[in-house]
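Participant: return atomic coordinates for the entry below.
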Amino acid sequence: MTLSRRNLMQTLGLGLAASVAPRWSFAASSTSASTPSGGPLGGAQPAGPILLNSNENAYGPSERVIAALQSALPAANRYAHDEYENLAEQIASLHRVRRDQVLLGCGSSEVIRMAAGAFLGPGKKLVMAAPTFEAIAHYAELSGAEVIRVPLNRVYSYDLDAMLARASSPGLVYICNPNNPTGTLTGRKELETFVSKLPANVYVLMDEAYHHYAGAPPAYSSFIDHPLDDPRVIVTRTFSKIYGMAGMRLGYGIAAAQTIGRMKPYQLQLNINTIAARAGIAALTDSDGVQAAAQRNTDDRQDFINRAQTRNFNPIPSHTNFMMMNTDHPAEEIIEHFKKNNILVGGPFPPMNTYVRISLGTPPQMDEFWRVWDLMHIEGHHH
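Facilitator: Modelled structure (predicted):
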């Protein structure tokens with residue numbers, strides 16, 4: 001899911017925060033990080049920034065997936081016809097659906113774009129939350145559809161009643177659950193009621209990019225693992241998060257066969273590359289690797305909460321691999337401070353203009369994050 005990240009990088013590149021007067025004093029040492037992010041701190045390259053801005057898996061793919069990537073390299077000269085079918089069949093088997101219910105994408109972003117192509121256009125409406133993952137809004141606008149953004153409720157979940165009131169046929173509703181950028185869940189029962197009340201020709205895209213990080217809270221269950229018998233529901237998953245394959249661009253959608261049939265004409269021909277497909281099969285069958293990654297993320301998330309609370313800051317409770325936190329200062333100022341110190345964080349996310357989103361990094365990366373945070377000398381408060 002690259003679109004919003006590109007927008008973020010453009011925003012950072014414009015240096016918006018440079019024109020904003022700081023509202024607190026920085027320590028003299030805040031202009032540069034004392035430790036580069038290469039080597040033990042990770043990051044994109046030696047001395048490159050620490051990347052806490054795109055919700056990537058900081059630890060990378062499992063050893064099993066890396067082995068599959070390496071063994072697939074000699075096949076780089078071949079189109080991925082067989083690999084496409086093998087991966088699609090593996091996904092169908094894993095989720096106990098028919099092959100014609102599976103659609104592969106260049107990241108789940110392409111599946112989202114297919115849904116926009118199939119179900120939006122002039123005279124149609126997209127209903128989505130604010131804030132949420134923005135890619136679909138861009139695709140909707142390109143199609144000529146009207147985009148309606150509905151603010152989250154007071155616990156940062158979806159205001160389904162307000163969204164229902166704005167939905168009209170024909171159209172599409174986008175639900176990212178757990179939600180990006182807040183990390184929050186919307187309850188399964190509430191979502192089922194919502195879907196049942198929608199007008200007949202309104203489709204629902206359930207984006208489950210962060211499903212594997214959600215754990216098993218009582219209110220949550222996947223619409224793939226526990227499907228609704230409703231042809232209007234499309235569910236997307238990605239290999240970019242728990243599987244650590246964001247750079248390989250691989251995702252998929254699952255829906256009723258007739259719904260997949262409407263989306264397929266908008267699919268790029270040969271959209272999956274051979275190496276990504278083989279790695280995807282390895283990832284799907286590496287249940288130990290997924291379990292270990294989920295547990296590691298749970299531990300990292302709790303460590304972040306503990307360290308934030310010692311500073312009197314309370315992050316929004318997260319069911320993902322990132323945390324969103326109210327800084328009580330304009331997000332652009334916080335982002336710029338971290339950028340000057342060789343760390344990229346996520347935001348801003350209107351209308352939550354004092355919140356930043358921090359993707360969880362490795363322990364050394366998070367040590368550096370908190371060191372740079374403390375340079376700001378800002379006071380938190382318990383809510």
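
Participant: before we move on, what SS does residue 186 have?
Facilitator: coil (DSSP: H, G, I helix; E, B strand; the rest coil).

Participant: so which residues of the stretch 1-150 of the chain form helices?
Facilitator: 3-14, 63-72, 81-95, 108-119, 135-143 (DSSP state H, counting those that start in this stretch).

Participant: go through the ones you listed and pick out the most buried.
Facilitator: Greatest average neighbour count among the helices of the stretch 1-150 of the chain goes to helix 108-119 (a mean of 25), per mean count of other Cβ atoms under 10 Å. Where C-beta positions appear, they are placed from N, C-alpha and C, glycine not excepted.

Participant: what stretches of this structure score poorly on pLDDT?
Facilitator: 1-47, 381-383 (pLDDT under 70).

Participant: 80 instead?
Facilitator: 1-47, 379-383 (pLDDT under 80).

Participant: strands of that one, start to end?
Facilitator: For the chain, applying DSSP state E gives strands covering 50-52, 102-105, 125-130, 146-151, 171-176, 202-207, 233-238, 251-254, 322-326, 343-345, 355-359.

Participant: now those as JSON lines including mean neighbour count?
Facilitator: Putting those into JSON lines (neighbours: other Cβ atoms under 10 Å) gives the following:
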{"stretch": "strand 50-52", "mean neighbour count": "26"}
{"stretch": "strand 102-105", "mean neighbour count": "24"}
{"stretch": "strand 125-130", "mean neighbour count": "22"}
{"stretch": "strand 146-151", "mean neighbour count": "17"}
{"stretch": "strand 171-176", "mean neighbour count": "26"}
{"stretch": "strand 202-207", "mean neighbour count": "25"}
{"stretch": "strand 233-238", "mean neighbour count": "26"}
{"stretch": "strand 251-254", "mean neighbour count": "26"}
{"stretch": "strand 322-326", "mean neighbour count": "23"}
{"stretch": "strand 343-345", "mean neighbour count": "24"}
{"stretch": "strand 355-359", "mean neighbour count": "25"}
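
Participant: for those, give me CSV that also has distance to residue 213.
Facilitator: Listed next are the strands of the chain as CSV, based on distance: least, Cβ to Cβ, whole Å:
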stretch, distance to residue 213
strand 50-52, 16
strand 102-105, 20
strand 125-130, 19
strand 146-151, 24
strand 171-176, 13
strand 202-207, 13
strand 233-238, 12
strand 251-254, 16
strand 322-326, 9
strand 343-345, 18
strand 355-359, 12
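
Participant: quick one: which of these is nearest residue 183?
Facilitator: With Cβ to Cβ as the criterion, residue 183 lies closest to strand 322-326 of the strands of the chain, at 5.8 Å.

Participant: the closest one packs against which elements?
Facilitator: Contact partners of strand 322-326 among helices and strands, from 3 or more Cβ pairs under 8 Å, 6 or more residues apart in numbering; DSSP states H and E: helix 287-309, strand 355-359.

Participant: circling back: out of the helices of the stretch 1-150 of the chain, nearest to residue 198?
Facilitator: Between the helices of the stretch 1-150 of the chain, helix 108-119 lies closest to residue 198; by Cβ to Cβ that is 12.4 Å.

Participant: angle of the closest one against helix 135-143?
Facilitator: 40 degrees (axes from the mean of the first three to the mean of the last three Cα atoms, to 10 degrees).

Participant: neighbours of residue 170, how many?
Facilitator: 16 (other Cβ atoms under 10 Å).

Participant: what about the residue nearest to it when sequence neighbours are not counted, neighbour count?
Facilitator: Nearest residue to residue 170, sequence neighbours excluded (Cβ to Cβ, 6 or more residues apart in numbering): residue 201, at 4.2 Å. Number of residues near residue 201 (other Cβ under 10 Å) recorded here: 12.

Participant: thought residue 201 was touching residue 172?
Facilitator: No - proximity of residue 201 to residue 172 does not meet the contact threshold set by Cβ atoms under 8 Å, at 10.0 Å.

Participant: to residue 265, which of the strands of the chain lies closest?
Facilitator: The closest approach between residue 265 and any of the strands of the chain, judged by Cβ to Cβ, belongs to strand 102-105 at 11.2 Å.

Participant: partners of the closest one, with directions?
Facilitator: strand 251-254 (antiparallel) (DSSP bridges).

Participant: what's the strand it pairs with in contact with?
Facilitator: 88, 91, 95, 97, 101-111, 114-115, 224, 227, 234-240, 260, 263 (Cβ atoms under 8 Å, 6 or more residues apart in numbering).

Participant: any idea how far it is from the middle of the chain?
Facilitator: 14 Å (Cα atoms, centre = their mean, to the nearest Å).

Participant: kindly report the same for stretch 200-209.
Facilitator: 16 Å.

Participant: just stretch 70-88 next, same as before
Facilitator: 26 Å.

Participant: could you do stretch 60-68 as well?
Facilitator: That offset, for stretch 60-68, works out to 21 Å (Cα atoms, centre = their mean).

Participant: and if you look at stretch 306-314?
Facilitator: With Cα atoms, centre = their mean, you get 24 Å for stretch 306-314.

Participant: end-to-end on it?
Facilitator: 9 Å (Cα to Cα, to the nearest Å).

Participant: and what of stretch 205-219?
Facilitator: 19 Å.

Participant: before we move on, what about stretch 323-343?
Facilitator: End-to-end for stretch 323-343, by Cα to Cα: 15 Å.

Participant: done for today, thanks.
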